[in-house]
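Participant: Generate coordinates for the sequence data below:
(one chain, ligands or ions: 2)
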Amino acid sequence: MRLTSSNIDTRPRHEDQLLAEERQGEVLESTDLSESFLPNGKKYYIESYGCQMNFSDSEIVASILRKDGFALTKQFEEADLILLNTCSIREKAEQTIRKRLKSFRQVKKDKSETKIGILGCMAERLKKQLLEEEKLVDIVCGPDAYRDLPNLFYESETGQKAVNVLLSREETYADISPVRLDKGGVSAFVSIMRGCDNMCSFCVVPFTRGRERSRNANSIVAESEDLFNRGYREVTLLGQNVDSYKWKNEDESEKVNFAQLLEKVALIHPDLRVRFSTSHPKDMTNEVLETMAKYDNICNYIHLPLQSGNTRILDKMNRTYTREWYMERIDAIRQIIPDCAISSDIITGFCSETEEEHQDTLSMMEYVRYDLNYMFFYSERPGTLAQRKFEDDIPLETKKRRLQEVINLQNKHALERNEACIGKTYKVLIERTSKKSEDDLCGRTDGNKMVIFAKGNLQPKMYVDVLIKECTSATLKGEVVGVYE
Ligand code: 5AD
Ligand code: SF4
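Facilitator: Numbering: from 1, shown residues only. Ligands and ions are numbered 1, 2, ... in the order given. Modelled structure (predicted):
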């Protein structure tokens, strides 16, 4: 395959996906009408970009605006407030937002009182500078300032530009019950912590999302329980580094680490599937793996970003583990949870990476044989450790060629892994009608593989056993051989 675009879309051709990948411009559509709502006569529209955490944040934003009386609309033309919840992880992500912003020019011309707000990582990274660069923007609101959004809107209505990009050491939005974005009501994200203290040298996140803080464990369990009672059958616990989750109550009589939190959520009900993302190889403990093995409803699936398979590059990336350490963690997973699916993030062409060091990434992929991988070439981000300390010296063509090698190998492994599923039966949680055919449903296995099968009389939220008959590198197809009551 020839690479022609400035970046390569490595999003897996999945029916769906639930990982730390950039999603683009999804519009928040549903409102939860279970709570009373006093309209203030204003309508807002919100699009989300970036990682799962951003999508989860949009649900928090929706809840805050709803409390203040704002009604959600799917049509930006009729909105009084247009919001873009943005991502800064790679340059391409920011370019996408800037392009999207331009498309609102006409709305502003037709209806000059419409306000445009930038939320999320790009707001935090660029702060006031965003107002100078993008004249269409009226409001800039960082990830820890969402409670202030109604005020920022009212301030902007007076004709002023409104900015709040204060980062907090405490804000976890623990008390806010998110308005759920997904329409099916099967699977929900539950944010368990915010920020990141890791300082990977390539990464902008510690600057855009601030210091790491863990959310009250009781509020996480209560939110998950409430979701189950409302018919949800899966929760994904979200954090930049879930393994460093740590919460204690005020008198310190209660202390909860991630393994203990997982257990608490798993105990809500055996029919509630529990997933989580993202794990960090330096922090992932056997205690977590053993908890996963102990509970059937904790899914056997771990997203464990490798980034590079070479120890010198890992050191330069400030990942604080070695190639050998990562291998040992993989061995531990295979030993404690033999059928665990594993996925990863990989960056090619990081500063000074040699051809041999790139080969180490490929050989690590051979060692693990990932079920799924999110693959990127290195994109230098302003203000990061790498940008300040190292030269971005790998030519773009080389970065892309290495990326293509990684993609090719991953496609081969994914196909092999899926082919190994043929003839086996998997318990699947039905999510929705397939995007490709009205007559089919789809849902995921415990190991996060998307499975397609005939609809029959089945419905979302049911658990079924599916015998796998065929596959591609991205999806499995099968026949339902059993239905759980
Ligand atoms: N360039 C390319 N990829 C990056 N990622 C994070 N920062 C960068 C960057 N500057 C990737 C990492 C991370 C995933 C969410 O995005 O692989 O795990
Ligand atoms: Fe998520 Fe990172 Fe993008 Fe922010 S920069 S939206 S934390 S992926």
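Participant: Report the beta-bridge partners for the residue of the stretch 251-400 of the chain at minimum distance from ligand 1.
Facilitator: Nearest residue of the stretch 251-400 of the chain to ligand 1, counting by Cβ to the nearest ligand atom: Asp345, 3.2 Å away. C-betas here are computed from N, CA, C, even on glycine. Listed by DSSP bridges, the beta-bridge partners for Asp345 are Tyr374.
Participant: got the contact list for it?
Facilitator: Residues near Asp345 by Cβ atoms under 8 Å, 6 or more residues apart in numbering: Ala20, His303, Pro305, Leu306, Gln307, Asn373, Tyr374, Met375, Phe376.
Participant: give the contact list for the third one.
Facilitator: Spelled out, it's Pro305. Pro305 touches Ala20, Thr278, His280, Pro281, Ser344, Asp345, Ile346, counting by Cβ under 8 Å, 6+ apart.
Participant: can you tell me which two in the contacts of Asp345 are farthest apart?
Facilitator: His303 and Phe376 (14.7 Å; Cβ to Cβ).
Participant: List the contacts of stretch 241-258.
Facilitator: So stretch 241-258 is contacted by 192-193, 196-198, 212, 214-217, 239, 261, 264, 276-280, 283-285, 287-288 (Cβ under 8 Å, 6+ apart).
Participant: all helices for the stretch 201-350 of the chain, in order.
Facilitator: Ranges of helices in the stretch 201-350 of the chain, per DSSP state H, counting those that start in this stretch, are 205-209, 217-229, 258-266, 286-294, 311-316, 323-336.
Participant: cool, the stretch 51-200 of the chain as well?
Facilitator: Counting by DSSP H, counting those that start in this stretch, the helices of the stretch 51-200 of the chain are 52-67, 91-102, 105-110, 121-126, 129-133, 149-157.
Participant: Please work out which of the ones you listed is packed deepest.
Facilitator: helix 121-126 (a mean of 25; mean count of other Cβ atoms under 10 Å).
Participant: Quick one: closest of the helices of the stretch 51-200 of the chain to ligand 1.
Facilitator: Taking Cβ to the nearest ligand atom, helix 91-102 is the member of the helices of the stretch 51-200 of the chain nearest to ligand 1, at 8.2 Å.
Participant: where does this structure come near ligand 2, residue by residue?
Facilitator: Residues of the chain lying close to ligand 2 by Cβ under 6 Å from any ligand atom are 50-51, 53-54, 87-89, 120-121, 204-205, 208-209.
Participant: of those, list those near ligand 1.
Facilitator: With the criterion set as Cβ under 6 Å from any ligand atom, the members of the residues of the chain next to ligand 2 near ligand 1 are Ile89.
Participant: Next one: Tyr321 from Leu415, what distance?
Facilitator: Using Cβ to Cβ, to the nearest Å, Tyr321 is found at 29 Å from Leu415.
Participant: So these two - more neighbours on which side?
Facilitator: Tyr321 (19 against 14; other Cβ atoms under 10 Å).
Participant: The more buried one: what's it in contact with?
Facilitator: So Tyr321 contacts Pro281, Lys282, Leu314, Arg329 (Cβ under 8 Å, 6+ apart).
Participant: Tell me which residues touch the second one, please.
Facilitator: Meaning Lys282. Arg319, Thr320, Tyr321, Trp325.
Participant: Can you say which of the residues you listed are buried?
Facilitator: Arg319, Tyr321 (16 or more other Cβ atoms under 10 Å).
Participant: Excluding covalently adjacent residues, which one is nearest to Leu131?
Facilitator: Leaving aside its chain neighbours, Leu131 sits nearest to Lys161 (5.1 Å; criterion: Cβ to Cβ, 6 or more residues apart in numbering).
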